[in-house]
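A.B. asks: one predicted model, sequence on top.
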Amino acid sequence: MTSSTPTIRATDSSAINDVLVIGFSREDKRGKKSFSLHSGSLKVDQAPLLEALEDLGATGAADEVIKLPGTTNKLVVLTGLGETPKNSEFAHETLRRAAGAASRTLAGHSSATFALPHSSSAEFAAIAEGALLGAYAFAEFRGSSKAEQKLPLSKISIYTKISTKTDTAKLLKRASVIAKYTFIVRDLINTPPSHLTPDSFCQRFKKLASGTKLKVEILDEKQLRKLGYGGIIGVGQGSANPPRLLRISYQPTNKNAKRFALVGKGITFDTGGLALKPAQGMEAMKSDMSGAAVVCAAALAIAELQLPVAIDAWAPLAENMVSDTATRPSDIITIYGGKTVEVLNPDAEGRLVLADAMMKAAEIGAKAGGLDGLIDVATLTGAQVVALGKRTSAVMTNNESFSRQFLDLADQTGEQFWPMPLPEELRASLDSPVADIANIGDRMGGMLVAGLFLKEFVAPELPWLHLDIAGPAYNDVKPHGYTPVGGTGVALRTLVALAESVASR
C-alpha cells in the first residue's frame, strides 16, 4: 500500500477554498521589524493580517506557519518566507519549502488554495511541488491509533494568473509524478524490515511496473552465486532473507537515445554484521536501502513522463545480519568481474553490493552501445554526516563536467549536494596484502575512501557520479519544509531533472 498523492489544479477563480495559504516575510529597517504579505496575484485584506502578525510576535522565518481565522475564508494560513529580498523575488526553494511547511500543518483539512508569489512557470512548479510533497503521511502500520491520525490534504489548488491552462496542466502533471514517486521512496524507507526484505522489495517494484513499458528482471541467491556476484552474496549470506539483484529497464522509442545506469544501495536492514552496530540508533538502519528505492522510483518516474532517455536501474539488495554464516572480518570475496576484496569490516558492506551492480551495469551498458553516465546512490558512510550534516549530500566523480551538470540541476530542484574530492593519496590505504583491495582504509576521510573504493569498479572513460546521501535520506529529528520525519526521497528530483536535461538537448 502506497501513500496517496493529493489531486492538484490551477485556479484563477475568486471562489477560494475554505483554507487559504499566503506567504509573509520580514524586513528590518533601522532596528524596526515590519512584515510584508505575499499572495501573488490574489488580492487580500492585508491590514488585519499584518496587525495579527505583530500581536502574535511572528518572525517570518522559514518553517513558521501561523493560522488565523478568516473573514471570507474559514482559515488563513501564513507561511514564512524569511527576509524580504531586495528585488522581491523569492528563490524557488524558498517557495517550495514555504508551500511544504504550510501543507504539512494542514493535516486534518481536506483542501486548500495556495496563493504564493510567482511570475514564472518555474516558480509556479516549485510551489506545486512543495504543496504536494508536504501532504504526506505514513500510516500503513497504525492499528488502534489509526483513527486518531489526521489525514493530509487531498485536494490542492494553486492560485495563478500565469500562462495558459495547457502550460499549467503540464507543470502540475510533472509535480504530481515527482510527488507520487517520492512518496513511494518514503514509504519503502519507512517500512520496517519485518515487512521489507530483498525479495519483497523486488515484488513491490514488479507490481508497480506491471502494465508499463518497463522491464523487470530479478536474480535470486542461487543465480547470484552461480554468476559470481560475490559482493551481494557475501553481505547477504548471514541472513534468513536471501539477497536479490533487481534490474528495471526503460527503453524509449528512440533507439539512439542517451543511456544512463542508476545503481542504488539496497541494504534492507544493516546490523553491521559481525561488526555489530550499537543498539542506539540501529532502528534507523531500515533506511539503508534508500539509494535502491530512489533509483528504482526514478526509473518509473522517467518512464511515466515518457522522457526519451534510456535508463537501467539496478538495486543490489541484501540484509546484513549476524549469524554463523555471516561474512567474517578477513574473509576474501570476489566481486563480479573478478576483483578480489578483503573484507576487513563487515559493516562497510554497501560498497560491496554496489561494486557488483556497477560492474554488471557497465557490462550491460557496453553491450547496448555504451553508457553516457553511471550514477550510484547510497547511504554509504557515517563520515558523510560528519562532514556535511544531515541535509547536504555528497557528490564524487571521475568527470568534473558531469558533476557540474548534476550540481547545476540540483540547484534548480532544491536538493542540496556538495562536491567532494577523491584524493589519490588516500587510495594506498585500501591496499591489501592478500587481495586486490580491502573494503576499508583510512578512518579519517572515510567518505572519500569509500568513494575511492567504488572508483576501482568504474572504467576511467565512463562518466560516473557517486552520491552519498547517508544523512539527508532519513530525517530522524523534527519535520521541516516539505520534509517529514522518516524517509525523505532525496536525489529523486535531481535524477529526473538530469533525464529531462539530457532529453531536451
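C.D. replies: Yes, it's here. Remember, it's a predicted structure, so these values are computed and weren't measured experimentally.
A.B. asks: tell me the domain boundaries of the protein?
C.D. replies: According to automatic domain parsing, the chain comprises the domains 7-173, 196-472.
A.B. asks: return the member of those having the minimum mean pLDDT.
C.D. replies: Of all the domains of the chain, the minimum mean pLDDT falls on domain 7-173 (a mean of 91).
A.B. asks: tell me how far it is from the chain's mean position?
C.D. replies: Once both centres are worked out by Cα atoms, centre = their mean, to the nearest Å, domain 7-173 turns out to sit 23 Å from its chain's centre.
A.B. asks: where do the strands sit along the stretch 351-500 of the chain?
C.D. replies: Per DSSP state E, counting those that start in this stretch, the stretch 351-500 of the chain carries strands over the ranges 373-378, 393-397, 417-419, 437-438, 464-468, 474-475, 486-487.
A.B. asks: hang on, the earlier thing: out of the domains of the chain, deepest packed?
C.D. replies: The highest mean neighbour count among those, using mean count of other Cβ atoms under 10 Å, belongs to domain 196-472: a mean of 21. Every C-beta, even on glycine, is put in place using the N, C-alpha and C of the backbone.
A.B. asks: what about T79, which helix or strand?
C.D. replies: In this structure, T79 sits in strand 75-83 according to DSSP states H and E.
A.B. asks: can you show me the CA trace of that strand as PDB?
C.D. replies: Output in PDB follows, covering the C-alpha atoms of strand 75-83 (Å, rounded to 0.1, in the frame of the first residue of the first chain):
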ATOM      1  CA  LEU A  75      -8.800  29.800   7.800                       C
ATOM      2  CA  VAL A  76      -5.900  31.900   6.600                       C
ATOM      3  CA  VAL A  77      -2.600  30.200   6.800                       C
ATOM      4  CA  LEU A  78       0.500  32.500   6.700                       C
ATOM      5  CA  THR A  79       3.800  30.700   5.800                       C
ATOM      6  CA  GLY A  80       7.200  32.200   6.500                       C
ATOM      7  CA  LEU A  81       9.400  33.200   3.500                       C
ATOM      8  CA  GLY A  82      12.300  34.600   5.500                       C
ATOM      9  CA  GLU A  83      13.700  38.100   4.800                       C
END
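A.B. asks: which SSE is R9 in?
C.D. replies: Using DSSP H and E, the element containing R9 is strand 7-11.
A.B. asks: does the closest residue to N73 other than its chain neighbours have beta-bridge partners, and which?
C.D. replies: The shortest distance from N73 to any residue other than its chain neighbours is 4.5 Å, reached at L20 (Cβ to Cβ, 6 or more residues apart in numbering). Using DSSP bridges, the beta-bridge partners of L20 come out as V76, T113.
A.B. asks: swap in the one 4 residues further on?
C.D. replies: Each beta-bridge partner of F24 is listed here, defined by DSSP bridges: L37, G80.
A.B. asks: which residues touch it?
C.D. replies: Residues counted as contacts of F24 (Cβ atoms under 8 Å, 6 or more residues apart in numbering) are 35-38, 49, 53, 58, 60, 66, 78-81.
A.B. asks: apply 10 Å and report the result again.
C.D. replies: By Cβ atoms under 10 Å, 6 or more residues apart in numbering, the residues touching F24 are 35-39, 46, 49-50, 53, 58-60, 64, 66, 78-82, 84, 98.
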